[in-house]
Every structure is written in structure tokens, then in C-alpha cells.
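Novice: Pasting the sequence and the predicted model now:
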Amino acid sequence: MRSETTIPVLKAAIQQALKAEPQLRNSQLWKNDLIDMTRTYLGIVSDLHVLKMHDAFKAQDEALFDREAEAALEPVEMLVKVLATHDDYSLREQIKQVMKVPGTNSGTPEMIRQNCFVFGFYNSRDANLPIMRHANDTQRQWMKEGKLKIRFHEIQNLIWHGNDAKAFIQKWMEGPMASDVVGTRADTVMLVKETLEFH
């Protein structure tokens with residue numbers, strides 16, 4: 001499905017769901033639905049800017065590249081905030097609950113972190129955002145050096161297998177993890193409404 005056509009459909013779905021706020025404000029299931037729709041929306045918005053960023057790279061347009069790189073990061077930063085509004089999306093809390101079960105393997109937290117990091121489901125801000133920033137900075141440097149083409153394996157190496165990426169991943173995998181939220185949690189509905197400004 002094309003991002004340009006998917007974004008308005010998801011936005012309309014979120015707006016429709018928000019109309020139920022007076023009746024469902026205290027329903028966590030409703031809030032979880034809002035979060036799920038919103039994280040999909042923000043992910044696609046970010047992906048669209050990443051594609052434009054690569055077009056700018058190919059055109060060697062540094063100014064456009066910088067604008068699109070920043071625009072690609074902003075939805076991800078908002079996504080982290082949205083996921084942090086409830087423990088259902090807190091990796092720290094999920095691991096805590098699992099480890100309460102008697103006889104749970106001591107290696108379980110590492111396995112959970114690894115799977116959640118790969119699929120990006122939980123609030124893994126200590127790894128995902130720095131790696132995305134590093135990837136953008138490296139591509140910016142490649143452009144300054146006059147590199148005109150990027151092969152797929154180079155992006156894979158940059159994001160997952162490069163030395164800097166490995167260091168980020170290892171630091172995040174080892175823990176201990178910082179608290180998901182410092183201070184009072186933000187209001188889910190308020191943040192979801194803010195996300196509709198992203199396009």
C-alpha cells in the first residue's frame with residue numbers, strides 16, 4: 001500500500017476513534033487501539049520521509065536531505081512518547097511481570113529485549129533513535145564525500161552490523177534499563193491528538 005494513500009486513511013481512522021473519547025476515556029482497551037493506530041500512522045509518516053531522504057541523497061541535495069532526515073526522526077520521537085504512556089508498551093514492565101513467574105529462565109530478559117529490539121514493538125528509545133540518527137549522519141557524510149550509490153547491504157551493515165550500531169545494541173541489551181518514564185506519564189489522548197499534525 002502506498003504511503004501517500006495510507007496516511008490519510010489512518011489519520012481519518014484515528015480522528016474517528018477520538019470521537020469516542022467522552023464515552024471511552026477510561027477504557028484502556030480503547031487507549032490501546034488508539035496507540036496501535038497511532039504508532040502505525042507515525043511509522044508510515046517516518047518511512048515516507050526516509051524515502052524522500054534517499055531521493056535527496058541520489059540527487060546530492062544536501063539541504064533537502066537534512067530537512068527530510070529531521071522530518072523522518074520527528075515521528076519516531078513522538079512514537080516513543082506515545083508508547084511510554086502505558087505499561088502495556090513498556091519493555092521494563094513486561095520483563096518485570098514475566099520474571100515474577102517461578103522458574104523463569106534467567107536469560108529471559110535478554111531474549112525478550114533481543115526480539116523486541118528487532119521488531120521495534122516496545123519503547124526501545126535507548127537503541128532505535130540513536131541508531132537511526134547515526135544512519136542519517138553516516139549517509140550525510142557519504143553525500144559530502146561524493147558517494148552516489150548505496151547498496152542494500154551497506155544500509156544493513158550501517159543499521160545492524162556496523163561497529164557503532166553493535167555498540168548501541170550491546171549497551172541496550174545488557175541493561176539495566178532506565179525507567180521508561182521520568183516523572184508523571186503523559187496523557188495518551190493528548191499525545192495522539194498531537195500526532196495528527198505530522199504529515
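Specialist: Great, that's in hand. Residues are numbered from 1 along each chain as shown.
Novice: Is the residue nearest in space to the middle of the chain in a helix, a strand, or coil?
Specialist: Geometric centre of the chain, nearest residue: residue 76, 4.3 Å, by CA atoms, centre = their mean. Secondary structure for residue 76, judged by DSSP: H, G, I helix; E, B strand; the rest coil, is helix.
Novice: Next, residue 197: secondary structure please.
Specialist: coil.
Novice: what's the answer for residue 17, then?
Specialist: Under three-state DSSP, residue 17 falls in the helix class.
Novice: Let me see the contact set for it.
Specialist: Applying CB atoms under 8 Å, 6 or more residues apart in numbering to residue 17 gives the contacts 30, 33, 34, 37. From N, CA and C alone the C-beta is placed, and that goes for glycine too.
Novice: Can you report how many residues lie near residue 108?
Specialist: Neighbour count of residue 108, defined by other CB atoms under 10 Å: 13.
Novice: what comes up buried for the longest helix anywhere in the chain?
Specialist: If you go by DSSP state H, the chain has its longest helix at helix 28-59. Of the residues in helix 28-59, 30-31, 33-35, 37-39, 41-46, 48-50, 52-53, 56-57 count as buried by neighbour count, 16 or more other CB atoms under 10 Å.
Novice: Show me what it is packed up against.
Specialist: Packed against helix 28-59 by the contact rule (3 or more CB pairs under 8 Å, 6 or more residues apart in numbering; DSSP states H and E) you find helix 3-18, helix 62-83, helix 128-144, helix 188-195.
Novice: Would you reformat these as CSV and include distance to residue 105 and mean pLDDT?
Specialist: Formatted as CSV, these follow (distance: least, CB to CB, whole Å; pLDDT from 0 to 100):
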stretch, distance to residue 105, mean pLDDT
helix 3-18, 38, 91
helix 62-83, 26, 89
helix 128-144, 26, 79
helix 188-195, 33, 92
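Novice: Dump these to JSON lines, plus distance to residue 92.
Specialist: Formatted as JSON lines, the helices and strands packed on helix 28-59 follow (distance: least, CB to CB, whole Å):
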{"stretch": "helix 3-18", "distance to residue 92": "27"}
{"stretch": "helix 62-83", "distance to residue 92": "12"}
{"stretch": "helix 128-144", "distance to residue 92": "15"}
{"stretch": "helix 188-195", "distance to residue 92": "18"}
